[in-house]
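Q: 3D model of this:
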Amino acid sequence: MAFWYHSDRSTALKDRQAESIALFQRYFKDTFGLDLYPHFGSLLGIVRNGDFIEWDHDFDMAFLSSKHTAKEVQQELVEVLEVLRDNGMLIKYWRRPIRQGGRTVQIEEFIKTDHQIADPEGQAYIWVRDVYIDLYIDWIDQEGKYHTCTVDVLGMEQEFFPTLTDGSLRGRDILIPRNADVMLERIYGDWQTPNSNKVRGQGMTALRVAPFLITHQL
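A: Numbers count the residues shown, from 1 in each chain. Okay, the predicted model is just below:
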């Protein structure tokens, strides 16, 4: 299973991948009852061009947890990953990092059929038909703060949720967070100017950029 890159793909393949992503969004809602939406650079591509970002090598999506404490959010993530594992979609996930030799080391768990999901951090890699999806979990804490992986608190719930709004990926209907432009500005700063070197969190001048989502709060 080779990694796909936008520069190497035909128009027909891009169209199939867009269709797969739209179908997976509906599958996720039907299976888990949870909202799944494009995130980070993939959301940027949809809002700016209605398309993939040419230099990106996977598609970023996040789902909004129904829980409001770190422990409950992590348990919900375990349950989601178990279903994706059982359906042959889960390739790997990241576990709670460890301290080793004076530095923090992230642990990647590659999946086998009988793999026991344990202590997930908040990010996983899955394969859906024609496309790799970088899957994250977002959550709203008990104070109404919206947490997103690698950026920690992005804002307040009412700015972006509870409803999603209509977007389009290569002509396919796909739901995106409302006020996505505000979300992108907080993550990237000037998101409207194409830049292959953009780093998550560079627009977050007043908010803490966090390497982890769930386990640093457990």
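
Q: need the contact list for residue 133.
A: By CB atoms under 8 Å, 6 or more residues apart in numbering, the contact list for residue 133 reads 21, 24, 58, 59, 60, 61, 125, 126, 127. C-beta: built from backbone N, CA, C; applies to glycine.

Q: From residue 58, how far off is it?
A: The spacing between residue 133 and residue 58, counted by CB to CB, to the nearest Å, is 7 Å.

Q: so what sits against both of these two?
A: residue 125.

Q: Which of the contacts of residue 133 scores worst on pLDDT?
A: Within the set of the contacts of residue 133, pLDDT is lowest for residue 58 (87).

Q: Need phi/psi at that residue.
A: Dihedral pair for residue 58: phi -150, psi -180, per degrees, to the nearest 10.

Q: Residue 183 now?
A: Here residue 183 shows phi and psi, under degrees, to the nearest 10, equal to phi -60, psi -50.

Q: tally of neighbours for it?
A: 26 (other CB atoms under 10 Å).

Q: Next, the contact list for it, please.
A: Residue 183 is in contact with 43, 154, 155, 160, 177, counting by CB under 8 Å, 6+ apart.

Q: try 6 Å
A: Neighbouring residues of residue 183 by CB atoms under 6 Å, 6 or more residues apart in numbering: 160, 177.

Q: Next: residue 165.
A: Per CB under 6 Å, 6+ apart, neighbours of residue 165: residue 178.

Q: and it, helix, strand or coil?
A: The assignment at residue 165 comes out as strand when based on DSSP: H, G, I helix; E, B strand; the rest coil.

Q: let's have the chain start at 191 instead
A: New numbering, starting at 191: the last item is residue 355.

Q: ok, now how distant is it from residue 233?
A: 12 Å.

Q: Quickly name whichever of the contacts of residue 323 is closest to residue 227.
A: residue 251 (6.6 Å; CB to CB).

Q: tally of neighbours for that closest one?
A: Using other CB under 10 Å, the number of residues around residue 251 comes to 23.
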